[in-house]
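A.B. asks: this one's structure only:
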């Protein structure tokens with residue numbers, strides 16, 4: 001399962017992706033899926049197995065524009081996006 005970190009700021013999305021990589025969390029900045037109806041148009045995608053580390057990086061960063069974590073799943077050829085809760 002993949003997790004999306006959504007922000008209201010493109011700059012903070014890019015900064016968060018870079019910080020994740022510097023902490024050893026493989027991530028990429030991707031367009032926010034239209035199904036999400038959230039954020040600035042960019043989000044950061046990473047594997048759910050890295051969530052604990054990614055959450056710690058987020059807390060250290062003090063990102064004021066952070067909107068939330070969302071999970072993406074595919075079923076029947078369609079992508080669904082919903083809030084992620086551990």
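C.D. replies: Here it is on my side, so go on. Note that the structure is a prediction, hence the values are computed from the model and not measured.

A.B. asks: which strand of this structure spans the most residues?
C.D. replies: strand 66-75 (DSSP state E).

A.B. asks: adjacent strands (with direction) for that strand?
C.D. replies: strand 2-7 (antiparallel), strand 78-83 (antiparallel) (DSSP bridges).

A.B. asks: burial measure for residue 80, as a count.
C.D. replies: The number of residues packed near residue 80 is 14, by other CB atoms under 10 Å. C-beta here means a position set from N, CA and C on the backbone, and glycine is covered the same way.

A.B. asks: distance of the residue nearest to it when sequence neighbours are not counted from residue 8?
C.D. replies: Spatial nearest neighbour of residue 80, chain neighbours left out: residue 73 (5.3 Å); criterion: CB to CB, 6 or more residues apart in numbering. Distance, residue 73 to residue 8, using CB to CB, to the nearest Å: 24 Å.

A.B. asks: what about these two, which has more around it?
C.D. replies: Each of residue 73 and residue 8 has its neighbours counted (other CB under 10 Å); residue 8 has more, 14 against 11.

A.B. asks: surely the more buried one meets residue 68?
C.D. replies: No: using CB atoms under 8 Å, residue 8 is not in contact with residue 68, being 10.6 Å away.

A.B. asks: starting at the chain centroid, how far to stretch 31-42?
C.D. replies: 10 Å (CA atoms, centre = their mean, to the nearest Å).

A.B. asks: contacting residues around the longest strand of the chain?
C.D. replies: Applying CB atoms under 8 Å, 6 or more residues apart in numbering, the contact partners of strand 66-75 are 1-8, 12, 33, 36, 38-39, 43, 45, 48, 51, 55, 58, 79-84.

A.B. asks: which of the residues you listed are buried? Put it as a PyMOL command.
C.D. replies: The buried subset of those, as determined by 16 or more other CB atoms under 10 Å, is captured in PyMOL by this line:
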select buried, resi 3+4+5+6+7+12+33+36+38+39+43+45+51+58+81+84
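
A.B. asks: mean confidence score for the strand or helix carrying residue 45?
C.D. replies: Under the criterion of DSSP states H and E, residue 45 resides in strand 42-47. For strand 42-47, mean pLDDT rounds to 95.

A.B. asks: what pairs with that strand, and is each one parallel or antiparallel?
C.D. replies: strand 2-7 (antiparallel), strand 27-31 (antiparallel).
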